[in-house]
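In: could you look at this predicted model? Sequence included:
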Amino acid sequence: MESAYVLANRELEEIRSKNRELQSIRHAEVLLKAPRITEVEGELMKQGSRLLGSVFNKAGDFDDIKSKIQSLQKQKAKLLSDIGFPEDYLDDIYSCRACRDTGFVEGRRCACLKTLISKHIGANANLTESMRGQTFESFDMSLFANQGEESAKTLKIMRIICDKALEFAESFDKTGDNFLIMGNAGTGKTFISSCIANRALERGKTVYYQTAFRLFEFFENAKFNKGDEDAAETVKYVYDVDLLIIDDLGTEFQTQFTSAALFDIINLRIISGKSTIISSNLGFEELSNLYSQRVVSRFMGDYKIFQTLGKDLRTIKRAATKNQ
Ligand SMILES: [Zn+2]
């Protein structure tokens with residue numbers, strides 16, 4: 001998949017090309033009504049390069065050329081106003097004046113480029129095609145009834161989690177609630193997260209889904225400047241997005257750095273009233289052993305904790321397909 005940075009630059013190129021197109025349309029329009037514009041513009045160009053030569057050769061005719069240019073600019077403005085156009089009608093067109101649509105100001109990323117990168121990072125919440133199809137409406141509860149002796153209990157727990165998840169999806173932006181969903185692999189944790197994400201997107205909220213492994217990679221790449229074009233904007237987006245979903249906590253490569261980054265994410269998002277969903281295959285005791293006490297106490301104090309039950313649904317689904 002192409003990086004958000006590459007996609008953003010492609011969009012900038014499209015903006016530049018549209019603006020050039022618009023400018024040439026304007027030019028043709030003026031030419032039709034005031035053909036003399038070609039002559040004036042040609043002379044302006046000629047005097048412009050003479051001016052450069054004068055500066056370069058220190059020829060001493062600088063002021064003379066400059067006043068010729070000013071007079072030509074006045075002629076051009078008059079030609080335009082005579083046919084009812086503003087004076088700057090033929091000037092270069094830029095959607096962003098700060099960087100003239102180059103995306104950079106003095107070697108640094110312009111705000112417009114950063115905005116475009118964030119837009120591509122957040123496109124479809126970073127959900128895969130199949131996750132985009134996972135909604136509360138398509139949630140197949142019957143899968144949980146296929147769990148042998150545990151079926152009734154699993155189904156009951158899943159109904160509770162599903163109800164709470166729907167409630168959360170409808171109101172997290174007002175309540176600032178957070179979810180920690182624990183349970184074995186394949187027991188529906190990512191599915192529930194996707195349902196919430198899709199509902200939140202429908203409500204016009206910004207959502208960002210990422211695996212813990214990849215998320216902390218972005219943080220490391222940004223911190224240690226590893227040439228990852230998306231890293232800096234992704235880190236910023238993680239703090240800004242309305243709803244952040246961290247999948248599979250515990251599968252990342254754990255260092256002191258990732259542990260501190262996790263606390264920062266959790267803590268700063270709580271402080272700014274933004275909701276986070278975290279899912280993990282680990283139990284609470286394992287999480288307590290892996291992460292600092294301050295992370296665990298945030299989970300205890302500010303997260304609603306759910307535990308999924310049952311067997312790996314992916315295996316059950318495969319078996320069901322086989323038996324058909
Ligand atoms: Zn710009």
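Out: Here it is on my side, so go on.
In: what lies in contact with the helix or strand where residue 49 lies?
Out: Secondary structure from DSSP states H and E places residue 49 in helix 36-57. Helix 36-57 is contacted from outside by 30-31, 59-62, 65-66, 68-69, 72-73, 75-76, 79-80, 90, using Cβ atoms under 8 Å, 6 or more residues apart in numbering. The C-beta positions use only the backbone N, C-alpha and C, and glycine is treated the same way.
In: just the buried ones from those residues?
Out: 30, 65, 68-69, 72, 75-76, 79-80, 90 (16 or more other Cβ atoms under 10 Å).
In: interface residues of the stretch 1-150 of the chain facing the ion?
Out: With Cβ under 5 Å from the ion as the criterion, the stretch 1-150 of the chain comes near the ion at residues 96, 98-99, 110, 112.
In: how close does the residue of the chain positioned farthest from its centre sit to the ion?
Out: Distance from the C-alpha centroid of the chain peaks at residue 60, with 54.1 Å (Cα atoms, centre = their mean). As for residue 60, its distance to the ion is 39 Å (criterion: Cβ to the ion, to the nearest Å).
In: tell me who's in contact with that residue.
Out: Contacts of residue 60 by Cβ under 8 Å, 6+ apart are residue 54.
In: hang on, it in a strand?
Out: No. Counting by DSSP: H, G, I helix; E, B strand; the rest coil, residue 60 is not part of a strand but coil.
In: adding neighbour count and distance to residue 11, write the residues of the stretch 1-150 of the chain next to the ion out as CSV.
Out: Putting these into CSV (neighbours: other Cβ atoms under 10 Å; distance: Cβ to Cβ, whole Å) gives the following:
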residue, neighbour count, distance to residue 11
96, 17, 12
98, 12, 17
99, 19, 14
110, 19, 13
112, 21, 10
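In: any idea which of the residues you listed is closest to residue 220?
Out: Closest to residue 220 out of those is residue 110 (25.6 Å), distances taken as Cβ to Cβ.
In: which residue is the nearest non-sequential neighbour of the closest one?
Out: Spatial nearest neighbour of residue 110, excluding adjacent residues (Cβ to Cβ, 6 or more residues apart in numbering): residue 99 at 3.7 Å.
In: now the one you found, what's its secondary structure?
Out: Applying three-state DSSP: residue 99 is coil.
In: isn't it right next to residue 115, touching?
Out: No. Applying Cβ atoms under 8 Å as the test, residue 99 and residue 115 come out as separate, 11.7 Å apart.
In: need the overlap of contacts for the two.
Out: Counting by Cβ under 8 Å, 6+ apart, nothing touches both residue 99 and residue 115.
In: quick one: contacts for residue 121?
Out: Per Cβ under 8 Å, 6+ apart, neighbours of residue 121: 4, 208, 230, 233-234, 237.
In: who's in contact with the nearest residue to it once chain neighbours are set aside?
Out: The shortest distance from residue 121 to any non-neighbouring residue, by Cβ to Cβ, 6+ apart, is to residue 4 (4.5 Å). Residue 4 makes contact with 117-121, 229-230, 233-234 under the criterion Cβ under 8 Å, 6+ apart.
In: repeat the analysis, applying 10 Å as the threshold.
Out: By Cβ atoms under 10 Å, 6 or more residues apart in numbering, the contact set of residue 4 is 116-123, 126, 229-230, 233-234, 237.
In: what's the answer for residue 258, then?
Out: Here residue 258 is in contact with 212-213, 215-217, 219-220, 252, 291 (Cβ under 10 Å, 6+ apart).
In: report the buried residues of the longest helix seen in the chain.
Out: Secondary structure of the chain per DSSP state H: the longest helix is helix 4-33. Buried residues in helix 4-33, defined by neighbour count with 16+ other Cβ under 10 Å: 4-5, 7-9, 11-12, 15-16, 19, 30.
In: pick the one among the residues you listed closest to residue 158.
Out: Using Cβ to Cβ, the buried residues of helix 4-33 come closest to residue 158 at residue 4, 35.0 Å.
In: pop the domain breakdown of the chain in here.
Out: 4-108, 122-323 (automatic domain parsing).
In: can you show me the helices along the stretch 151-300 of the chain?
Out: In the stretch 151-300 of the chain, the helices defined using DSSP state H, counting those that start in this stretch lie at 151-175, 189-202, 212-223, 231-240, 256-271, 284-290, 293-302.
In: so what touches stretch 233-240?
Out: Residues contacting stretch 233-240 (Cβ under 10 Å, 6+ apart): 3-5, 8, 109, 113-122, 126, 206, 208, 210, 214-215, 217-223, 228, 230, 244, 246, 261, 264-265, 268-269, 272, 274, 276.
In: out of those residues, which are buried?
Out: Listed as buried from the contacts of stretch 233-240 are 3-5, 8, 109, 113-114, 116-122, 126, 206, 208, 210, 215, 217-222, 228, 230, 244, 246, 261, 265, 269, 274, 276; burial here means 16+ other Cβ under 10 Å.
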